[in-house]
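Novice: Okay, here's the prediction I keep looking at, along with the sequence it came from:
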Amino acid sequence: MLIENAEIFKLKQAMSIPRKGTRKIIVDGEPFIWLIRRQPTYTQECFHGGNLHVAVDSVAKPGSVLVIITDRPHPQGLVSKQEVKPVTPSDVAQWIRQAIQLGWQPMRSGICFNVQIAGQCMEKI
């Protein structure tokens, strides 16, 4: 039991968002921070088609991190040669609202809440 709790603790620690490079956004009166990596990771490049990933966390009480796999190619990606469409704060606000409707509880600690965007729809993965 002690080892299991230690593993859960490590998982929670590994999934926090670094504060450097984040942007702030207020959605329905709640403050959040969000981040897009400058370079896609190997996993993003190979297993998600080089699409942008957005990480979101609560400012008031950091808890479960929301990871949004978008349908937009990363501008630094090597896999896709599609036209790059930027992620705007209004996109992030809309995605946060949709994730909350899907069950994301931003102030409750736990593992990452992963979702995927396809057009205007969002699905939990």
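Specialist: That came through fine. From a predicted model like this one, the values you see are computed outputs, not experimental measurements.
Novice: just checking, what packs against the helix or strand encompassing M122?
Specialist: According to DSSP states H and E, M122 maps onto strand 121-124. With contacts taken as 3 or more C-beta pairs under 8 Å, 6 or more residues apart in numbering; DSSP states H and E, strand 121-124 sits against helix 89-102, strand 113-118. C-beta coordinates here come from the backbone N, C-alpha and C atoms, glycine included.
Novice: For T70, which of those is the nearest?
Specialist: Closest approach to T70 among the helices and strands packed on strand 121-124 (C-beta to C-beta): strand 113-118, 4.8 Å.
Novice: Can you list the strands that the closest one pairs with?
Specialist: Take DSSP bridges as the rule and strand 113-118 pairs in its sheet with strand 66-73 (parallel), strand 121-124 (antiparallel).
Novice: which of the ones you listed sits most buried?
Specialist: strand 66-73 (a mean of 20; mean count of other C-beta atoms under 10 Å).
Novice: Just the C-alpha atoms of it, please, in PDB.
Specialist: The C-alpha trace of strand 66-73 is given here as PDB (Å, rounded to 0.1, in the frame of the first residue of the first chain):
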ATOM      1  CA  LEU A  66      -6.300  19.000 -18.400                       C
ATOM      2  CA  VAL A  67      -4.400  17.800 -21.500                       C
ATOM      3  CA  ILE A  68      -6.000  18.700 -24.800                       C
ATOM      4  CA  ILE A  69      -4.900  17.000 -28.000                       C
ATOM      5  CA  THR A  70      -6.000  19.400 -30.700                       C
ATOM      6  CA  ASP A  71      -6.600  18.700 -34.300                       C
ATOM      7  CA  ARG A  72      -4.100  21.400 -35.300                       C
ATOM      8  CA  PRO A  73      -0.600  20.600 -36.400                       C
END
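Novice: quick one: contacts of that strand?
Specialist: Residues outside strand 66-73 that contact it (C-beta atoms under 8 Å, 6 or more residues apart in numbering): 48-57, 79-80, 82, 84-85, 87, 95-96, 99, 104, 106, 112-119, 122, 125.
Novice: can you rerun that using 6 Å?
Specialist: When contacts are defined by C-beta atoms under 6 Å, 6 or more residues apart in numbering, strand 66-73 is touched by residues 48, 50-56, 80, 82, 84-85, 95, 99, 104, 112-118.
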